[in-house]
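A.B. asks: this one's structure only:
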């Protein structure tokens, strides 16, 4: 099976920020699964020559390669719907889209692309109901996973009590402050935090050295100037300049729905990544988590800040129980939650394995 994978190559399209999530996780896992059958189309880099040029190049590449499947990881509206339609009808190639963050991006983004894809993959536990309402029957529900070529235990000792690796937001800050105020030693890294970003190698080492890894997934809904501005204005993902902000008044209702959907906790990829490093994972319960892990046996969940602090203290003082859960979570992750397995399952379901 020949696959054309269409996705950004760098984080926010900027090489200085390192490879994108899609490149590190999806592309490398696709390569391992189908080593001689995957071609990468880094649309963020070609986009620098203009949106129209990039879309023409995509159509030309698809026509030259003649893949069995065009696999899209969309970010915004960079890919023209007319181009996807031509790939389907004129080139007779099946297009598939993977929609991450679909819990809150469905109304403002995903549903507008649905009619143009033969298959749609969503990580939203409520995806089937949502997509059926807009006439899409070819919806494949899945969850995030992990690239075990990258995320795996290091040989370091467990010399860190608790770690959190992830970007700053106000809700995470509230949780972190409560944990620190309870006298718990906590290593925090990521965009927006005082210690700043961390390289991929450092991140994996920090997680592996941790007795407990936090996958903080509180609802990202909050009232403030930025979320209110996003109801009326939009800034392109690959152009972070303030000059690139443009009006988006006509999408107010969809933007409002997106904002409201951010009240729902998500099952984050970090949950699988921590478990893959053989570290006990703690996260707030999110819908669908029980279908991935045995709760409190392979992963630990919490219901409130007080519950989180209580469980952190308990497992820091009970090494055998902590390591038993970490090992069980690791085994489950390696067995069931790799991107290689996700892709094999998805391509098998659509008859292209």
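C.D. replies: Nice, I can see it. Quick caveat, the model's predicted, so the values are computed rather than measured. Numbering: from 1, shown residues only.
A.B. asks: Show me the shaky parts of the stretch 101-250 of the chain.
C.D. replies: Along the stretch 101-250 of the chain, the model assigns pLDDT under 70 to residues 219-223, 240-243.
A.B. asks: Now with 80, please.
C.D. replies: 218-231, 234-244, 249-250 (pLDDT under 80).
A.B. asks: All the strands of it, residue numbers only.
C.D. replies: Using DSSP state E, counting those that start in this stretch, the strands of the stretch 101-250 of the chain run over residues 119-122, 139-141, 160-165, 186-189, 210-215, 233-234, 246-247.
A.B. asks: So for residue 319, which of the ones you listed sits nearest?
C.D. replies: With Cβ to Cβ, the closest approach to residue 319 among the strands of the stretch 101-250 of the chain belongs to strand 210-215: 8.1 Å. Every C-beta, even on glycine, is put in place using the N, C-alpha and C of the backbone.
A.B. asks: Check which helices and strands the closest one is in contact with.
C.D. replies: Packed against strand 210-215, as judged by 3 or more Cβ pairs under 8 Å, 6 or more residues apart in numbering; DSSP states H and E, are the following elements: strand 160-165, helix 269-276, strand 280-284, helix 305-316.
A.B. asks: Give me the contacts around it.
C.D. replies: 158, 160-166, 187, 207, 268, 270-271, 274, 277, 279-283, 312, 315-316, 322 (Cβ atoms under 8 Å, 6 or more residues apart in numbering).
A.B. asks: Quick one: mean pLDDT for stretch 12-24?
C.D. replies: For stretch 12-24, the mean pLDDT works out to 91.
A.B. asks: I'd like to know how many residues surround the nearest residue to residue 86 once chain neighbours are set aside.
C.D. replies: Leaving out its chain neighbours, the residue that sits closest to residue 86 by Cβ to Cβ, 6 or more residues apart in numbering is residue 59, at 6.0 Å. When counting by other Cβ atoms under 10 Å, one arrives at 18 neighbours for residue 59.
A.B. asks: would you say residue 59 is within a helix?
C.D. replies: Yes. Membership of residue 59 in a helix is supported by DSSP: H, G, I helix; E, B strand; the rest coil.
A.B. asks: Next, the contact list for it, please.
C.D. replies: Residue 59 makes contact with 83, 86-87, according to Cβ under 8 Å, 6+ apart.
A.B. asks: Could you pull out the helices in the stretch 101-250 of the chain for me?
C.D. replies: Under the criterion DSSP state H, counting those that start in this stretch, the stretch 101-250 of the chain contains helices at 102-105, 111-113, 127-133, 170-181, 200-209, 225-229.
A.B. asks: will you turn those into a markdown table that also has mean neighbour count and distance to residue 246?
C.D. replies: Shown next, in a markdown table, are these (neighbours: other Cβ atoms under 10 Å; distance: least, Cβ to Cβ, whole Å):
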| stretch | mean neighbour count | distance to residue 246 |
| --- | --- | --- |
| helix 102-105 | 22 | 18 |
| helix 111-113 | 18 | 17 |
| helix 127-133 | 16 | 27 |
| helix 170-181 | 15 | 26 |
| helix 200-209 | 18 | 33 |
| helix 225-229 | 11 | 12 |
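A.B. asks: can you tell which of these is closest to residue 341?
C.D. replies: helix 127-133 (19.0 Å).
A.B. asks: name the helices or strands packed onto the closest one?
C.D. replies: Counting by 3+ Cβ pairs under 8 Å, 6+ apart, helix 127-133 packs on strand 139-141.
A.B. asks: Leaving out chain neighbours, which residue sits closest to residue 61?
C.D. replies: Spatial nearest neighbour of residue 61, chain neighbours left out: residue 41 (5.8 Å); criterion: Cβ to Cβ, 6+ apart.
A.B. asks: related to what we said a few turns ago, in CSV, list the contacts of residue 59 along with distance to residue 30.
C.D. replies: Below are these laid out as CSV (distance: Cβ to Cβ, whole Å):
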residue, distance to residue 30
83, 21
86, 24
87, 18
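A.B. asks: What about those residues, which one has the most neighbours?
C.D. replies: For the contacts of residue 59, neighbours tallied by other Cβ under 10 Å; top is residue 87, 26 neighbours.
A.B. asks: That one against residue 93, yeah?
C.D. replies: Yes. The pair residue 87 / residue 93 is scored as a contact, 5.1 Å apart, by Cβ atoms under 8 Å.
A.B. asks: can you list residues touching both of these two?
C.D. replies: 62, 70.
A.B. asks: Farthest from the middle of this structure: give me that residue.
C.D. replies: Using Cα atoms, centre = their mean, the residue of the chain lying farthest from its centre is residue 317. It sits 32.3 Å away.
A.B. asks: Residue 327 and residue 278 touch, don't they?
C.D. replies: Yes. Applying Cβ under 8 Å, one finds residue 327 in contact with residue 278, separated by 6.6 Å.
A.B. asks: Looking at the two, which has the bigger crowd around it?
C.D. replies: Shown here are residue 327 and residue 278; by other Cβ under 10 Å, residue 278 has more neighbours (20 against 13).
A.B. asks: Neighbours of residue 153, how many?
C.D. replies: 15.
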